[in-house]
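Student: Dropping the sequence and predicted coords here.
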Amino acid sequence: MDEYTCSLRGNADMYGLGIRLGFYIQWLAGAIAALLRVERDAVAARSAIFGFSLATFVAVVVQTATSTNTAIDIYIPLLLCFGFFYSLPAIHYWTTYFWRKNDNSLNPTVVVASREFDILQMTLLLAVSGLKLWFWATRVLQSNNRPECLEYGFLFCRLELKDNAMRSVNICIDCGMIFFFIWKLYKMINSSKPLEQALPNEKEEDIK
């Protein structure tokens, strides 16, 4: 088939240019605010990202249940829903292993809004991981409306979504993420005191 016949029209309401730019700018703003330790802006960015991700996740679930979406129409929004999480380990590593060498008062978890918010965000990431696992395990194998057109994703290089390596790696990642989020939720829910109280109080330390 020629390129015109197999061109993807896409779903602008789900992952159009404006929506993608909104996600990218918020990811960047959240990462910069966390690295610069601007607590109020970091919390605001996390709240905005959570709202965007929740709305996109709900839209994906509703459209998947009520219409015949292509695999790409599910694949791209799920990447947007989960994208910010990939920056958190890098932020944590930077603040923990670089900044704290010179300043022990630095708190790598300063971007935490509240224990309740963290539980909500972890629950959303768990739900997204579950939907991603379903997508890679079963949905991606289902034929689309135009089976002659191949659908591609990215895993260090361009690969067909139905490629066994692509599916296997993503299934393993999502299974690991699900176990990790369940473990984190268990620890958060069974914590004996609010998360903010468990963090060092920098103002009190400065006074001392």
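Tutor: Everything's here; your move. Numbers count the residues shown, from 1 in each chain.
Student: for this structure, which spans come out with low pLDDT?
Tutor: Scanning the chain for pLDDT under 70 picks out 1-8, 87-113, 143-148, 192-208.
Student: Helix or strand: which one has the residue nearest in space to the middle of the chain?
Tutor: For the chain, residue 82 is the residue whose C-alpha lies nearest the centre (CA atoms, centre = their mean; 1.8 Å). Per DSSP states H and E: residue 82 is located in helix 71-82.
Student: residues making contact with that helix?
Tutor: In this structure, residues lying in contact with helix 71-82 by CB atoms under 8 Å, 6 or more residues apart in numbering are 8, 10-11, 14-15, 19-20, 23, 52-53, 56-57, 59-60, 63-64, 124-125, 128-129, 131-132, 135, 139-140, 142, 144, 151, 153, 161. For every residue, glycine as well, the C-beta is placed using N, CA and C.
Student: so of those, which ones are in helices?
Tutor: 14-15, 19-20, 23, 52-53, 56-57, 59-60, 63-64, 124-125, 128-129, 131-132, 135 (DSSP state H).
Student: Could I have the buried ones of those residues as ChimeraX selection syntax?
Tutor: Buried members of these, defined by 16 or more other CB atoms under 10 Å, are picked up in ChimeraX with:
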select :14,15,19,23,52,53,56,57,60,63,64,124,125,128,129,131,132,135
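Student: Would you mark the buried spots in the helix holding residue 82?
Tutor: Buried residues in helix 71-82, defined by neighbour count with 16+ other CB under 10 Å: 71, 72, 73, 74, 75, 76, 77, 78, 79, 80, 81, 82.
Student: could the residues you listed go into a markdown table alongside distance to residue 181?
Tutor: Below are these laid out as a markdown table (distance: CB to CB, whole Å):
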| residue | distance to residue 181 |
| --- | --- |
| 71 | 24 |
| 72 | 26 |
| 73 | 25 |
| 74 | 20 |
| 75 | 20 |
| 76 | 22 |
| 77 | 19 |
| 78 | 15 |
| 79 | 17 |
| 80 | 18 |
| 81 | 13 |
| 82 | 11 |
